[in-house]
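Colleague: Kindly return the folded structure for what I paste below:
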Amino acid sequence: MDETTSTTSATGTSATGTTATRRVRGRDGGHPLAEAPAPPGAPAPPGSRSRAPGACLVAAAVALAATGALDPAVPGDSLAALLAHASEHAARWTAWSLALVLTGLLLLPAVAALVRLPSRGRGARLTAVGGCLAGAGAVGLVALGASELDVAALASGPVPAPEVLAVAERLEGSAGLVVVFLLVLPGVHLGVPLLLWGLRRARLLATWVPVLATAGALGSWFLSEVDGPWEGLALVATAVALLATAPLLLRGAAPRGRAVRTAARRAS
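Modeller: Sure, this is the predicted structure:
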């Protein structure tokens with residue numbers, strides 16, 4: 001009698017466990033739909049917490065705001081006017097060029113980490129497209145800042161000889177510099193807003209963050225030829241949007257919304 005009862009209990013427990021397992025497992029090869037929360041003190045899963053890229057994103061936002069504050073308004077389009085202005089404002093020109101380089105270098109690891117946050121589903125493709133463009137724009141910022149440092153170095157010494165000016169003018173119109181601008185324009189002014197809109201679609205950001213980034217990106221594009229601090233203010237708006245995105249990397253991001261609640265109900 002005892003043996004029969006024990007056998008029946010073991011069989012019922014096994015059946016209950018099998019039923020629970022089937023509820024948790026999906027239809028495609030038995031992969032679990034949801035995992036139980038990790039016990040306290042357990043290491044975080046890869047990509048869920050990444051403080052170094054988050055710190056890079058904060059620093060990149062500060063450097064981007066600095067580029068807006070330091071952006072020198074160059075009178076005229078000739079190389080002579082450019083060198084004269086750079087010579088009069090050598091410290092500001094150098095700081096602005098270094099801020100461009102620093103923004104690009106710091107933005108690269110941050111973008112690479114943000115792209116990995118929405119692994120699948122809502123917003124993943126849009127985030128990937130925006131991340132690729134933003135990464136290309138970051139490379140372009142580094143190259144653009146390095147070229148502007150050359151202008152500062154050329155303007156810091158005595159007046160260049162006519163032959164040197166002729167070479168510098170050819171470099172200013174070279175295909176390489178055109179490629180740099182083709183990387184920066186869509187990368188910074190289009191890629192960054194798309195990246196943040198993808199994170200918003202994945203329900204990782206509030207709506208005002210990509211809206212502010214879009215306004216800042218478009219404003220810095222269309223206001224670049226307008227006198228006054230408007231282009232710099234637009235870049236500051238983009239920087240604020242990046243600062244609001246940094247907590248996703250500093251605290252670790254987990255998807256919110258209906259998908260999580262559905263997975264929790266299925267797991268229970």
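
Colleague: For residue 186, give its distance to residue 217.
Modeller: In this structure, residue 186 and residue 217 are separated by 10 Å, where distance is defined by CB to CB, to the nearest Å. (Glycine included, C-beta is placed from N, CA and C.)

Colleague: where in this structure is pLDDT low?
Modeller: When residues are selected by pLDDT under 70, those of the chain lie in 1-50, 74-81, 85, 155-178, 224-228, 252-268.

Colleague: now the helices: where do they sit in it?
Modeller: Taking DSSP state H to define them, one finds helices in the chain at 2-24, 51-70, 79-88, 90-115, 124-156, 162-172, 175-186, 192-201, 208-222, 230-245, 247-250, 258-267.

Colleague: before we move on, back to that, more neighbours, residue 186 and residue 217?
Modeller: Relative neighbour count places residue 217 above the other of residue 186 and residue 217, with 23 against 16, counting by other CB atoms under 10 Å.

Colleague: What's the local residue count around the nearest residue to the more buried one once chain neighbours are set aside?
Modeller: Distance criterion CB to CB, 6 or more residues apart in numbering; nearest residue to residue 217, sequence neighbours excluded, is residue 189 at 4.4 Å. Other residues near residue 189 come to 22 when the count uses other CB under 10 Å.

Colleague: My guess is residue 189 contacts residue 215. True?
Modeller: No - using CB atoms under 8 Å as the test, residue 189 is too far from residue 215 to be in contact (11.4 Å).

Colleague: Contact partners for the residue nearest to residue 217?
Modeller: When contacts are counted by CB atoms under 8 Å, 6 or more residues apart in numbering, residue 189 touches 137, 217-218, 220-221.

Colleague: same deal with residue 103?
Modeller: When the contact criterion is CB under 8 Å, 6+ apart, the partners of residue 103 are 60, 63-64, 67, 138, 141, 145.

Colleague: Let me know the closest of those residues to residue 199.
Modeller: Of all the contacts of residue 103, residue 199 sits closest to residue 60, with 15.8 Å by CB to CB.

Colleague: got a list of what the closest residue to residue 102 other than its chain neighbours touches?
Modeller: Computed as CB to CB, 6+ apart, the closest residue to residue 102 that is not its neighbour in sequence is residue 63, at 4.4 Å. Contact criterion CB under 8 Å, 6+ apart gives 99, 102-103, 106 as the residues in contact with residue 63.

Colleague: Need the residues touching each of residue 189 and residue 215.
Modeller: Common neighbours of residue 189 and residue 215 (criterion: CB under 8 Å, 6+ apart): none identified.

Colleague: buried stuff in stretch 88-100?
Modeller: Within stretch 88-100, the residues that count as buried by 16 or more other CB atoms under 10 Å are 89, 92-100.

Colleague: Can you lay out the residues you listed as TSV showing distance to residue 128?
Modeller: Conversion of the buried residues of stretch 88-100 to TSV gives the following (distance: CB to CB, whole Å):
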residue	distance to residue 128
89	40
92	37
93	36
94	36
95	34
96	31
97	31
98	30
99	28
100	25
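
Colleague: what two of the residues you listed have the greatest distance between them?
Modeller: Across the buried residues of stretch 88-100, no pair lies farther apart than 89 and 100, at 15.4 Å, counting by CB to CB.

Colleague: any idea how far residue 152 is from residue 134?
Modeller: 27 Å.

Colleague: let me redo that: residue 98
Modeller: Following CB to CB, the distance that separates residue 98 from residue 152 is 10 Å.

Colleague: Quick one: residues contacting the nearest residue to residue 186 once chain neighbours are set aside.
Modeller: The shortest distance from residue 186 to any residue other than its chain neighbours is 5.8 Å, reached at residue 133 (CB to CB, 6+ apart). By CB under 8 Å, 6+ apart, residue 133 lies in contact with 186-187, 190-191, 194-195.

Colleague: let's see 6 Å
Modeller: Residue 133 makes contacts with 186-187, 190-191, as judged by CB atoms under 6 Å, 6 or more residues apart in numbering.
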